[in-house]
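Participant: Provided below are the primary sequence and the corresponding predicted coordinates.
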Number of protein chains: 2
Amino acid sequence: MPTLYHHPMSSSSRFVRLILTEYGYQTELIEEQTWEKRRDFLALNPAGTLPVYVDDSMRALCGASVISEYLDETHGVLKRDRRLLAEDPFQRAEIRRLTEWFMQKMEQDVTRPLTRERVFKLQMTAEQGGGAPDSKVMRMARGNIRQHMKYLSWLAGSRQWLAGERLSYADLAAAASVSVLDYLGEIDWTESPVAKEWYQRLKSRPSFRPILAERVRGVTPVSHYADLDF
Amino acid sequence: MPTLYHHPMSSSSRFVRLILTEYGYQTELIEEQTWEKRRDFLALNPAGTLPVYVDDSMRALCGASVISEYLDETHGVLKRDRRLLAEDPFQRAEIRRLTEWFMQKMEQDVTRPLTRERVFKLQMTAEQGGGAPDSKVMRMARGNIRQHMKYLSWLAGSRQWLAGERLSYADLAAAASVSVLDYLGEIDWTESPVAKEWYQRLKSRPSFRPILAERVRGVTPVSHYADLDF
């Protein structure tokens, strides 16, 4: 069985897990603490980042973008109207643009600083960079949430799914980031009713179930986290 | 004719220009100062980043990764042994992993901070974030160059081209970043003879000529910048 190195609070790991489950793929999950810089893990991915997918021939694929393109080429292409990346090159470009938006821009502006300060630093030793959260970093990241939720709301309000008429990687990428932030209680849903309706649809998919059931040591999720009607 | 919004010191812009020229595509180039946050430019790309490719039907493609995948799907696929992304999914994954390494990891660790401090801040107003370069940021970025050059040397020494037996996006991405740093005199070639031999091969390609001929206002390139025997 292929293996996925992941972390429950890594949005790009969640994104790949959602793709795998949507396509009905079974993988063995191994939780990796990237800050430990394990030698064996760095041999798989010299960049030291998550997720990493290792197939049955022990070949490693590194990073959500590489893995999602590979899964489209090897599996998505056979799924017809359940394919998560479109057929048309321009439609594919729009899906990739939005996937990148959530996996890279929102990650950099919001998700990475907040998870680092609120989750990962609790688990790191002082040498690894652990310690008390930096309130300045958190304030900046929180200040960026509203703009991202506005853009998400605009997309969700003007299209059936974020990138067009079909569920795509863009929805799974956005939902992966949003779900991490929602675990931490960082999203004020009263401000974003349109995004909320979209997220309810995503959250209700069977592929989301295992993710909503997971808990991270030392960090309790917000009370509505796993509720489908929140 | 399609249009490419770019900046001469943006490595991801150089990467896309190299692809377009390798494939024999003519585009009109428009230099964009992203820090000006022009309304019309943000309408094309809400992320405000370069490069942006606008086709003859005025459809915009945003970012090097989206553009390069689109160019592979619409043009590369017809190029047979001159295709810059392989046929085999695993080989494609390796090319994408390395392209991402140079366009994102090296960009974040080295190229973005150094170009920002040494080039862009000179052209920005104080309001836009301009001013004197931050020596601490430059010291950190310079400290990261050696590790990236080591990895590049290892790849160049163990394979014919960076991702395998054929010239690929990985080579163009790496050469795009390296050429920006070389313009600024940031690379000590005596330390990396294997990478140097690889870069000489890249630099000698006709696709590199227009890039080597360009000069940025207020920043003189290192004397060997455009020499093919440096």
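Facilitator: Alright, I've got the coordinates.

Participant: list the buried ones in the helix ranked longest in chain A?
Facilitator: Longest helix in chain A, counting residues (DSSP state H): helix A:135-158. In terms of neighbour count (16 or more other CB atoms under 10 Å in any protein chain shown), helix A:135-158 has its buried residues at A:Met138, A:Ala141, A:Asn144, A:Ile145, A:His148, A:Met149, A:Tyr151, A:Leu152, A:Ser153, A:Leu155, A:Ala156. For every residue, glycine as well, the C-beta is placed using N, CA and C.

Participant: between the residues you listed, which is nearest chain B?
Facilitator: Checking these against chain B with CB to the nearest CB, the nearest one is A:Tyr151 at 7.0 Å.

Participant: Now do the worst-scoring helix or strand of chain A on mean pLDDT: everything it contacts.
Facilitator: Every helix and strand of chain A was ranked by mean pLDDT, DSSP states H and E. The lowest is helix A:121-123, at a mean of 94. Helix A:121-123 has contacts (CB atoms under 8 Å, 6 or more residues apart in numbering or on different chains) with A:Gln33, A:Trp35, A:Gly129, A:Gly130, A:Gly131, A:Ala132, A:Pro133, A:Arg217, A:Gly218, A:Val219.

Participant: just checking, the last one touches A:Tyr225?
Facilitator: Spelled out, that is A:Val219. No: in this structure, A:Val219 is not within contact of A:Tyr225 by CB atoms under 8 Å, at 10.9 Å.

Participant: Overlap in contacts, those two.
Facilitator: Joint contacts of A:Val219 and A:Tyr225 (CB under 8 Å, 6+ apart) are A:Tyr183.

Participant: C-alpha coordinates for stretch A:119-128, PDB please?
Facilitator: Provided in PDB are the C-alpha atoms of stretch A:119-128 (Å, rounded to 0.1, in the frame of the first residue of the first chain):
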ATOM      1  CA  VAL A 119       0.400  24.300  17.300                       C
ATOM      2  CA  PHE A 120       3.900  23.400  16.100                       C
ATOM      3  CA  LYS A 121       5.800  25.600  18.600                       C
ATOM      4  CA  LEU A 122       4.100  23.800  21.400                       C
ATOM      5  CA  GLN A 123       5.600  20.500  20.200                       C
ATOM      6  CA  MET A 124       9.000  21.800  19.400                       C
ATOM      7  CA  THR A 125      11.900  21.900  21.800                       C
ATOM      8  CA  ALA A 126      13.600  25.300  22.300                       C
ATOM      9  CA  GLU A 127      16.400  24.200  20.000                       C
ATOM     10  CA  GLN A 128      13.900  23.300  17.300                       C
END
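
Participant: Next, the buried residues of it.
Facilitator: Those would be A:Val119, A:Phe120, A:Lys121, A:Gln123, for stretch A:119-128 by 16+ other CB under 10 Å.

Participant: same thing with stretch A:208-228?
Facilitator: A:Phe208, A:Ile211, A:Val216, A:Pro221, A:Tyr225, A:Ala226.

Participant: Which of these fall in helices?
Facilitator: A:Ile211.

Participant: residues from chain A in reach of chain B?
Facilitator: A:46-47, A:59, A:61-63, A:65-67, A:69-70, A:73-74, A:89-90, A:92-93, A:96-97, A:100-101, A:104-105, A:151 (CB under 8 Å from any CB of the partner chain).

Participant: thought A:Tyr169 was touching A:Ile19?
Facilitator: Yes: using CB under 8 Å, A:Tyr169 is in contact with A:Ile19, at 7.1 Å.

Participant: Which one's more surrounded, those two?
Facilitator: Just comparing A:Tyr169 and A:Ile19: by other CB atoms under 10 Å in any protein chain shown the higher neighbour count belongs to A:Tyr169, 32 against 24.

Participant: Tell me who's in contact with that one.
Facilitator: With CB under 8 Å, 6+ apart, A:Tyr169 has these contacts: A:Phe15, A:Ile19, A:Ser68, A:Leu84, A:Leu85, A:Ile95, A:Arg96, A:Thr99, A:Ala163.

Participant: Could you report the pLDDT at it?
Facilitator: The score at A:Tyr169 is 98. That number is its pLDDT.

Participant: any idea how far it lies from chain B?
Facilitator: 12 Å (CB to the nearest CB, to the nearest Å).

Participant: And for A:His6?
Facilitator: 17 Å.

Participant: what's the burial count for that residue?
Facilitator: Neighbour number of A:His6 under other CB under 10 Å is 21.

Participant: Do I have it right that it meets A:Thr27?
Facilitator: No: shown here, A:His6 and A:Thr27 do not form a contact pair, counting by CB under 8 Å, at 9.2 Å.

Participant: how about A:Tyr53, secondary structure?
Facilitator: strand (DSSP: H, G, I helix; E, B strand; the rest coil).

Participant: wait, what's in contact with it?
Facilitator: Applying CB under 8 Å, 6+ apart to A:Tyr53 gives the contacts A:Pro2, A:Thr3, A:Leu4, A:Tyr5, A:Val16, A:Thr27, A:Ala60, A:Leu61, A:Ile67, A:Tyr70.

Participant: Nearest to chain B among the buried residues of stretch A:119-128?
Facilitator: The closest of the buried residues of stretch A:119-128, once distances to chain B are taken by CB to the nearest CB, is A:Phe120, at 17.9 Å.

Participant: Check the spacing between the closest one and A:Gly130 real quick.
Facilitator: 8 Å (CB to CB, to the nearest Å).

Participant: before we move on, what about A:Arg38?
Facilitator: Counting by CB to CB, the gap from A:Arg38 to A:Gly130 is 17 Å.

Participant: A:Lys203 now?
Facilitator: Applying CB to CB to A:Lys203 and A:Gly130 gives a distance of 31 Å.

Participant: When those two are compared, which one has more neighbours?
Facilitator: Neighbours per residue (other CB under 10 Å) separate A:Lys203 from A:Gly130, with A:Lys203 holding more: 22 against 13.

Participant: residues contacting that one?
Facilitator: Per CB under 8 Å, 6+ apart, neighbours of A:Lys203: A:Ala175, A:Ser179, A:Leu212, A:Leu228.

Participant: same question, A:Arg166
Facilitator: Contacts of A:Arg166 (CB under 8 Å, 6+ apart): A:Asp81, A:Ala86, A:Gln160.

Participant: and if you look at A:Glu73?
Facilitator: Counted by CB under 8 Å, 6+ apart, A:Glu73 has contacts B:Pro89, B:Arg92.

Participant: Name the helix or strand for it, please.
Facilitator: Per DSSP states H and E, A:Glu73 falls inside helix A:64-74.

Participant: next one: A:Pro113
Facilitator: helix A:112-115.

Participant: Could you list the buried residues of stretch A:18-36?
Facilitator: A:Leu18, A:Ile19, A:Leu20, A:Thr21, A:Glu22, A:Tyr23, A:Thr27, A:Leu29, A:Glu32, A:Thr34, A:Trp35.
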